[in-house]
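Participant: Provide a 3D model corresponding to the input given below.
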Amino acid sequence: MKIKEPIHIKELKNYSKSEILEIVSEKDFDKLLKYAILSKKEDRQTYQFNYVGVIIIDDLVINCYPKYFSEKNEKEFKQVIKVIKKYDSLHDDFNYQNDELEDISFNLLSMMIFFLEDYYEFGVYSNIQNILEVNGNGEIDWNRTINYTDPIIKDNKPYYVELYTKYKIDDLYDYFRQLHEYVITICSKRLENLGLLELFDLTPVELSDKEQDDFGELRVILEKLEKELHIEFNTHKQKLLKSMHTFISEKNSFSNENYLTLYGTSTYHVIWEEMCKKVFKDKLDKTLKELGFKNSKTKLIEVIKKPQWIYRDIKTHEADGTFIPDIVTFHDNEFIILDAKYYKLRFDEKKLSGQPGLGSITKQYLYELAYREFIEENKFTGVKNAFLLPKYTGEIENIGIAKLEILSNLGMEDIQVIMIPADKINQYYLDNKKMSIKMLNLIKKDNGILL
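Facilitator: Predicted structure coming up:
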């Protein structure tokens, strides 16, 4: 079977309806709109994909690149897929089914990847039988031998003529083992036919030549899996049984003309924020005691006071929420406030576009104001405030500032604009490495560099 070349599109890029209909049917176009993977622009003439990851429609693979990509690059896209996968695993977002999406095989691709990766790590499903024999070749079961046989006593020493022995057998013909081998094999073939094994760093596996009919009717298979679940208490095996139940139930989607499955996210901005928090050592969730300040269990994020509602000077109610910065950290006794902004910024001598709005700028100033008492009390020598925005590749660049004079004139730090090559942040995140704050080239008021 010849593998079709994947289609490459970019998140939030404007496409005409005719361009999209060149790759998908009208019915699939409507489905993408229905599930907000595709949205219509306000001008009503163009559409945008609100997605980063892989979309599969029948045998067509669509790779949705992040909006900061400037060109097609399968190597960098593979890195993005690894980032999404790691984020999902850390946040337990791996869920095969979505009851609201009636006719979409929402995470079937995730499930197929799970089956292969689980096999690489743990092998196939096994039912171990414990065999007990008398005078066999296995390990002696002394508890049973002593309790159930009479020894011969000689010179005050017991001698056992009959010994209970035990050994274990892995039943190679177990129904669920063979069903698991069948599922792994068809997952591997399906991913290979779609050309996705390499993208997800998988190798082909062929363990079975069986067909689903060899295991009985669909109803029978599902009933057997349910019965096994009721008597199996091993957590990993329970997960496999549940996964096989869902997979067998959904398997006919492969041949369904409405087949659609996704692997990725419509909220890549959340992942960008998380990567920046991890890489630049955010300290908001640390207690003041852990940070070497007061002997207090108060977290740094809790230093920011919440709004108060005061009823006629009688009763004060504290609101639930308050300002929450993305990242707060320290460097050389400087208090650093960073905001990860997933925007496609164009900012040069000719043009400004794709910038954060007034609300983002205002909040960034107010974060400093909210921490002012803490900063003065702990004698920090200065404050640095910055937006962190992604760019395709290259080096970290400090390209300017965002400034609101009515707040800047109050003595608060203007917001520096830092462009960070996403491929570097991605790799740091994947490798669990930290990046030094000095790499951001934060500017001092005297135009010196914070080192």
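
Participant: Now do the helices in the stretch 151-300 of the chain.
Facilitator: 175-193, 218-231, 235-250, 268-279 (DSSP state H, counting those that start in this stretch).

Participant: and of these, who's closest to residue 296?
Facilitator: Nearest to residue 296 among those is helix 268-279 (22.4 Å), distances taken as C-beta to C-beta. Bear in mind the C-beta positions are built from the backbone N, C-alpha and C, glycine included.

Participant: Pairing partners for the helix or strand following the closest one, with directions?
Facilitator: Where DSSP states H and E defines the elements, the next helix or strand beyond helix 268-279 is strand 308-311. Pairing partners of strand 308-311, with direction, according to DSSP bridges: strand 315-318 (antiparallel).

Participant: hmm, who's touching the strand it pairs with?
Facilitator: Applying C-beta atoms under 8 Å, 6 or more residues apart in numbering, the contact partners of strand 315-318 are 306-311.

Participant: Pull the CA coordinates from it and hand them back as CSV.
Facilitator: The C-alpha atoms that make up strand 315-318 are tabulated as CSV, following Å, rounded to 0.1, in the frame of the first residue of the first chain:
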residue,chain,number,x,y,z
LYS,A,315,-17.9,42.6,57.5
THR,A,316,-15.0,42.0,55.2
HIS,A,317,-15.2,39.2,52.6
GLU,A,318,-12.1,38.1,50.7
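
Participant: mind listing what's buried in it?
Facilitator: Residues of strand 315-318 classed as buried: none (neighbour count, 16 or more other C-beta atoms under 10 Å).

Participant: Name the residues linked to residue 402 by a beta bridge.
Facilitator: residue 415.

Participant: That one and residue 408 touch, don't they?
Facilitator: No. Residue 402 is beyond contact range of residue 408, at 10.0 Å (criterion: C-beta atoms under 8 Å).

Participant: More neighbours: which of these two?
Facilitator: residue 402 (20 against 15; other C-beta atoms under 10 Å).

Participant: That one and residue 322, how far apart?
Facilitator: In this view, residue 402 and residue 322 are 22 Å apart by C-beta to C-beta, to the nearest Å.

Participant: same deal with residue 271?
Facilitator: 24 Å.

Participant: So between those two, which is more surrounded?
Facilitator: residue 271 (23 against 13).

Participant: What sits closest to the more buried one if chain neighbours are left out?
Facilitator: residue 87 (5.0 Å; C-beta to C-beta, 6 or more residues apart in numbering).

Participant: now swap in residue 15 and tell me
Facilitator: residue 47 (5.4 Å).

Participant: can you confirm that neighbour is in a helix?
Facilitator: No. Applying DSSP: H, G, I helix; E, B strand; the rest coil, one finds residue 47 to be strand, outside a helix.

Participant: need the contact list for it.
Facilitator: Contacts of residue 47 (C-beta under 8 Å, 6+ apart): 14-17, 20, 33, 38-41.

Participant: Next: residue 207.
Facilitator: 124, 181-182, 184-185.

Participant: mind running it again at 7 Å?
Facilitator: 124, 181, 184-185 (C-beta atoms under 7 Å, 6 or more residues apart in numbering).

Participant: Also residue 244?
Facilitator: Per C-beta under 7 Å, 6+ apart, neighbours of residue 244: 179-180, 183, 225.

Participant: Can you give me the pLDDT of it?
Facilitator: Residue 244 is assigned a pLDDT of 92 by the prediction.

Participant: Likewise for residue 393?
Facilitator: 88.

Participant: for it, helix, strand, or coil?
Facilitator: Once three-state DSSP is applied, residue 393 turns out coil.

Participant: ok, it to residue 68 distance?
Facilitator: 9 Å.

Participant: More neighbours: which of these two?
Facilitator: More crowded of residue 393 and residue 68, by other C-beta under 10 Å: residue 68, with 22 against 14.

Participant: The strand or helix carrying residue 386 versus helix 268-279: what angle between them?
Facilitator: Secondary structure from DSSP H and E places residue 386 in strand 382-391. With axes from the mean of the first three to the mean of the last three C-alpha atoms, to 10 degrees defining the directions, strand 382-391 sits at 130 degrees from helix 268-279.

Participant: Next, count neighbours for residue 190.
Facilitator: Residue 190 has 18 nearby residues by other C-beta under 10 Å.

Participant: which non-adjacent residue is nearest it?
Facilitator: residue 112 is the one closest to residue 190 (C-beta to C-beta, 6+ apart), at 6.2 Å.

Participant: same deal with residue 404?
Facilitator: Residue 404's closest residue in space is residue 361 (C-beta to C-beta, 6+ apart), at 5.5 Å.

Participant: Now do the buried residues in the helix or strand that contains that neighbour.
Facilitator: Using DSSP H and E, residue 361 sits in helix 358-377. Along helix 358-377, these residues count as buried under the neighbour rule (16+ other C-beta under 10 Å): 361, 364-365, 367-368, 370-371, 375.

Participant: Show me what residue 16 is bridged to.
Facilitator: residue 46.

Participant: what's around it, how many residues?
Facilitator: 11.

Participant: these two touch, right, it and residue 48?
Facilitator: No. Using C-beta atoms under 7 Å, residue 16 makes no contact with residue 48, being 11.3 Å away.

Participant: before we move on, the earlier item: which members of the contacts of residue 47 are positioned in strands?
Facilitator: 15-16, 38-40 (DSSP state E).

Participant: ok, and the most crowded of those residues?
Facilitator: residue 38 (22 neighbours).

Participant: any idea how far that one is from residue 56?
Facilitator: 15 Å.

Participant: Residue 430 now?
Facilitator: 24 Å.

Participant: Name the residue in these two with the higher neighbour count.
Facilitator: residue 56 (20 against 14).
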